[in-house]
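Undergrad: The sequence and its predicted three-dimensional model are supplied below.
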Amino acid sequence: MLVQEKNSLTEEIEKYVEELGKDRSALLEILHLLQKKHRCIPDFAQQEVARLLDIHPVEVFSVITFYSFLNAEPKGRNIVRVCQTISCDMKGKDNLCNAIEREIGIKFGETSKDNKFTLEYTNCLGLCDQGPAMAVNDRVYTSLTPEKAVEILNGVK
Ligand code: FES
């Protein structure tokens, strides 16, 4: 069974390499496609990407750790990212985070047991004049109060 899974993952990566090319510049796009489909890029996939692009696995891993939208371990179905940069910090980011942690029942950096939520900090979302800001998956919310944030999260539960 494991061998079968490995083969299908290898085939999938081979297909991406065929479409996007063997060049190093294809790396990020391939990782993005794997992340989208599997919600993470497991160790075996990292090894296969490195092998097929003829680069060192450490290079693949360092790209995954650099970008917050890529991860080696599976995360929750909903990823909540609160901006921790100075403007949002000064506009009440801490109160927001406390309310979110209380509501979801986990700390930032954790994933809920039911895999519904992962809470993370992020750097500036580019909406500093409308802080505090939070992204839930691909959608960004601004000018949040703790109550508003909890209401939004209840909407995605
Ligand atoms: S500082 Fe939070 S969006 Fe820029």
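TA: The structure has been received and is ready for your questions. Note that the structure is a prediction, hence the values are computed from the model and not measured.
Undergrad: Near the ligand, which residues of the protein are found?
TA: Within the chain, the residues that sit near the ligand (Cβ under 6 Å from any ligand atom) are 83, 85, 87, 88, 124, 125, 126, 127, 128, 131, 133. Every C-beta, even on glycine, is put in place using the N, C-alpha and C of the backbone.
Undergrad: and if we set it to 5 Å?
TA: Counting by Cβ under 5 Å from any ligand atom, the chain comes close to the ligand at 83, 85, 87, 88, 124, 125, 127, 128, 131, 133.
Undergrad: ok, how many other residues are close to residue 91?
TA: Residue 91 has 18 neighbours, counted by other Cβ atoms under 10 Å.
Undergrad: ok, now residue 134?
TA: Neighbours of residue 134 under the rule other Cβ under 10 Å: 25.
Undergrad: Report the contact partners of it.
TA: Taking Cβ atoms under 8 Å, 6 or more residues apart in numbering, we find residue 134 in contact with 80, 81, 82, 83, 96, 100, 140, 141, 144, 149, 152.
Undergrad: Can you give me the domain boundaries for this protein?
TA: Using automatic domain parsing, the domain parsing of the chain gives 2-66, 78-156.
Undergrad: Columns mean pLDDT on top of the ones you listed, output as TSV?
TA: Output for the domains of the chain, formatted as TSV (pLDDT from 0 to 100):
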stretch	mean pLDDT
domain 2-66	91
domain 78-156	96
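Undergrad: and among the ones you listed, the most buried is which?
TA: domain 78-156 (a mean of 17; mean count of other Cβ atoms under 10 Å).
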